[in-house]
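*Asks:* based on what follows, work out the 3D shape:
(chains A and B)
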Amino acid sequence: MMELRKTTAVITDLLTVEEAETLLEWLQKHPRGKLDLAGCTHLHTANLQVLMAARPQISAWPENETLAAWLRAALCSQE
Amino acid sequence: MTPLLQQFLSEARDFLQSIGEKLLQLEDRPGDAELITELFRLVHTLKGNSGLFDFPELSGVLHAAEDLMDAVRDGRIAFARGLADQLLETMDFVAILIEEIESNGVYATARRQEAQRLTQSLRNAVSREETAEPEPPAADAAETAAPTEPRSRALAGTPEPERMALYRRLAAGERLTWAAYRPEEECFFKGEDPLYQLIQAPDCCWRAVSAREAWPAIAELDAYRCILDFELITTRGEAELLEHFRYTQDQLELAALRPWDLMEPVGERVEGPALADFVQAARERLAAGDREGLECAARTLLELTASDQRVASILRWLLLALELEPASVETHARLIETLAADAGETLASHAAAPETGAAGPPEDPDRVAVQRELWEVQREILALPDAPDWLPGRLRAVTASLAGLVTSLGREELLPGLDAASEQALASADAAPLHHWMETAWPEWGPAPGLTSGGPAPTALTTPPSDDEPKFGRRAEDALPGPRILKVDQGKVDRLMGLIGEMVVAKNALPYLAARAETQFGAREMSREIKAQYAVINRIAEDMQDAIMQVRMTPISFVFQRFPRLVRDLTRKMGKEVKLVMEGEDTEADKHIIECLTDPMIHIVRNSLDHGLETPEERRGAGKPPTGKLTIRAVQESDRVRIEIADDGRGIDPEHIRRKARERGLIDESRLERLSDQEAIDLVFAAGFSTAEQVTDLSGRGVGMDVVRSAIAKVKGTIDLKSQPGVGTRLRLSLPLSMAVTNVMIIRSHGQQFGVPMDDVIETVRVDSAAIRTIKRHRTAVLRSRIVPLVPLNELLGLPDPPRPNGDGAYATLVVRIGKEPIGIMVDDFRETVDIILKPMAGILDGIKGYAGSALMGDGSVLLVLDPKDLLS
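*Replies:* Purely as a prediction, here's the structure:
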């Protein structure tokens, strides 16, 4: 699920492969957009790829520790 | 595309084919020196040929494969299954490149990384195996002596404390496995979610995600082309990871984590004389086993060094290694040598004299490697294109480096020669004299393939690397022994066949002409002459037809050749053991038929492997030998080819089929009861029938046996299935040798002519009208003690006239076989049989039922050829 607000995309539960396109479009339109992943349980790799390319600010990391670890590894390592 | 390239591509395919075959043979006979030599020769020739074109990745991969084969040939490496896998993978990759070059002229840029990965893994195989060879039990030797290339860039980029923590775990005896998972670009379209797989991976203690290429601008990003690489380190073993990633094993690279992988120094590179001194002292202390002294010295130097320097990082690692693994001298030595390499030239000029003494091992392999690398670098610098502006500076730098190197090697006597060469080079503004000096002064350090080829392609070298043996004349030896074969584009053969077909039709016009000469013009003499000429032309035309058929004949090995690999790969995937026996590979049939056979055969073999043959345990339980047997046999029987695919697996249980058929609603209850076992088994050919309990990735792709049967039927073949539960299954395909010319019988009905393929006709009889009985409004007659139903052709074609009897009141009846039952088709009259070139119905006529096609007759008329099976169904 993805709720796109003015400055923040709030992602809850599962972000599917189809939603990657929507996410990408939103990030293209909102280059300063932030992401709230707190309620996210899993996101499809395609979404991860979009996030890695866009590097938006993450306002909240997922509560799920394994997922958070992977996302941090992907999004925090190199600039 | 140039003809040369075209020839290369077509030859390359043959080479790949032979290489694949040889590799599989080699698996059965690993020690066969002749096979290995042959294999090396094939790879070598292919590589040589590829060098004619600008495909560096292709040549690079082949070169690595050649080196590997060379090592095998020289007995430096034992041939093992793992090697075969690697080489087969390489050849598959080369085949992909060849295909892409053929269709696009180039291969996709994405192939480059793949090529690099393959090349690297082949090289690793050489070095790993080679170094492991002298002391097979000591696993450490292989680990530490391997090239110092870090496995992963991402790992090197991880903060030092994190890597040190991992090292602590390793040193504490934990086994850690490093894995890299590189999903395919199209993986999202296959429903894969790599991240999900990774999150599920057990006990992951380090992870990294990186992009394979630079990120495009966000506006141009393709969200659905996966360019991510994943890496992780886990406490689980390789086997467990393989199981976890079992569907994408090919995209996975696994290795036990070595301490060395973690010890990647970070920081700024600063040189200083103190470093060289330290290295010298450290070597001595290490050789003397003075660990405390070493530790003390390292600590002192570390205190003197800014902590963000590379040297400090190495020292921290050294101290940690000394603390955690005091016994692992190898690791310590390596770290010290890394320092030495950093110190580089400073070291070369400073630490000359004591080195030749007995302090350390004089032939320290790492040290030699470093020196040699330096040597190679100088060579490469010299080989760079000469630009007048900075050439003198470059020459001086090279001279200085070489002088240092020579001194460090204790060969000062070479220095005067070097100075002379340097002056000469500076005077002539050309690198050649120095280059020449390098070649002559230290001949044993000629170009080292192992060192130079690791880097970018050494094509810039002015002198080509010379092999052990001269290459002159080798091409001649490389020519494959074999029959003189002309390769012709298939289109040309098809055109020739079409022309010959037209010739046959045109020649058939001559008898008509002869008849007209006689009847219309009363020229009997003329008519006879035309007939005589016709006989001659007819003979030549028939010979021509025969000849072109021979050209189109392809041995069935075209299809068979892929089975050894298919069977090997599938059985290994499924954990089954199957022995493949193939017979009659040289049986020939028309190319078209052979080509149409490929897919159905692959499907049948897959089915056998997947459903038919059991796992070794099941087989043992059933009292059979654990290795299953799959026999594929081809024989020619008069004008047909018979192919038999038999396995000794679990067979097909008719009860099971009945149950499935009922579940799928393919057949109603009452008919099911009456089915014999054989008829039940034949139900597998029914559309929509798939017996697989669960859909595996091998068979069960929604392509059922019905598709196999219709594909075979399309080339006028038949398929027959026999199976005995617990004993095995046998499939028999019967196919015509050629389908270019069809023999048809001409019949007349309702004042029109039709053709009926002779293959379908059992006999022609004249049935007396008195012998026809009507049973429930169906006409029947007793022929050869059997009741045969009779159907008038006019009725089948929807023509109003009843069949016309001849003068004696008898009906001309064509007996054809539909399935197993004979059926009589009543026509008005029979005519002669002719050979025709059957053209399938095309365009709008394609959908019309009941016709096999049309043919042009000698008098210019068109003959419609009926398809009785279609007509009666």
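*Asks:* from here on, just use CA atoms for contacts and neighbour counts.
*Replies:* Fine.
*Asks:* how about the residue in chain A that chain B sits nearest to, nearest residue that isn't a chain neighbour?
*Replies:* Per Cα to the nearest Cα, A:A74 is where chain A lies closest to chain B, at 4.7 Å. Spatial nearest neighbour of A:A74, excluding adjacent residues (Cα to Cα, 6 or more residues apart in numbering or on different chains): B:V209 at 4.7 Å.
*Asks:* what's across from that neighbour in the sheet?
*Replies:* Here B:V209 shows beta-bridge partners B:F230, assigned using DSSP bridges.
*Asks:* pretty sure it contacts B:E231?
*Replies:* Yes - using Cα atoms under 8 Å, B:V209 is in contact with B:E231, at 6.4 Å.
*Asks:* the lengthiest strand in chain A pairs with which strands?
*Replies:* Counting residues, the longest strand found in chain A (DSSP state E) is strand A:34-43. Paired with strand A:34-43 in the same sheet, following DSSP bridges, are strand A:8-15 (parallel), strand A:57-60 (parallel).
*Asks:* dump the ones you listed to CSV, plus mean neighbour count and mean pLDDT.
*Replies:* Shown next, in CSV, are the strands paired with strand A:34-43 (neighbours: other Cα atoms under 10 Å in any protein chain shown; pLDDT from 0 to 100):
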stretch, mean neighbour count, mean pLDDT
strand A:8-15, 19, 88
strand A:57-60, 16, 89
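*Asks:* show the average pLDDT along stretch B:323-335.
*Replies:* For stretch B:323-335, mean pLDDT is 81.
*Asks:* go on, stretch B:495-505?
*Replies:* Averaged across stretch B:495-505, the pLDDT comes to 82.
*Asks:* same check, this time on stretch B:234-245
*Replies:* Averaged across stretch B:234-245, the pLDDT comes to 83.
*Asks:* list the buried residues in it.
*Replies:* Neighbour counts over stretch B:234-245 (16 or more other Cα atoms under 10 Å in any protein chain shown) mark B:T234, B:T235, B:R236, B:E238, B:L241, B:L242, B:H244, B:F245 as buried.
*Asks:* out of those, which is nearest to chain A?
*Replies:* For these, the residue nearest chain A by Cα to the nearest Cα is B:T234; the value is 13.3 Å.
*Asks:* what's the burial count for B:K629?
*Replies:* 19 (other Cα atoms under 10 Å in any protein chain shown).
*Asks:* with B:A532 instead?
*Replies:* Residues near B:A532, counting by other Cα under 10 Å, number 13.
*Asks:* likewise B:V488?
*Replies:* Neighbour tally, B:V488, other Cα under 10 Å: 8.
*Asks:* now B:A541
*Replies:* The tally of other residues near B:A541 (other Cα under 10 Å) stands at 18.
*Asks:* for it, grab phi and psi.
*Replies:* phi -60, psi -40 (degrees, to the nearest 10).
*Asks:* any low-confidence regions in the stretch 301-450 of chain B?
*Replies:* By pLDDT under 70, the low-scoring segments of the stretch 301-450 of chain B are B:343-367, B:385-390, B:442-450.
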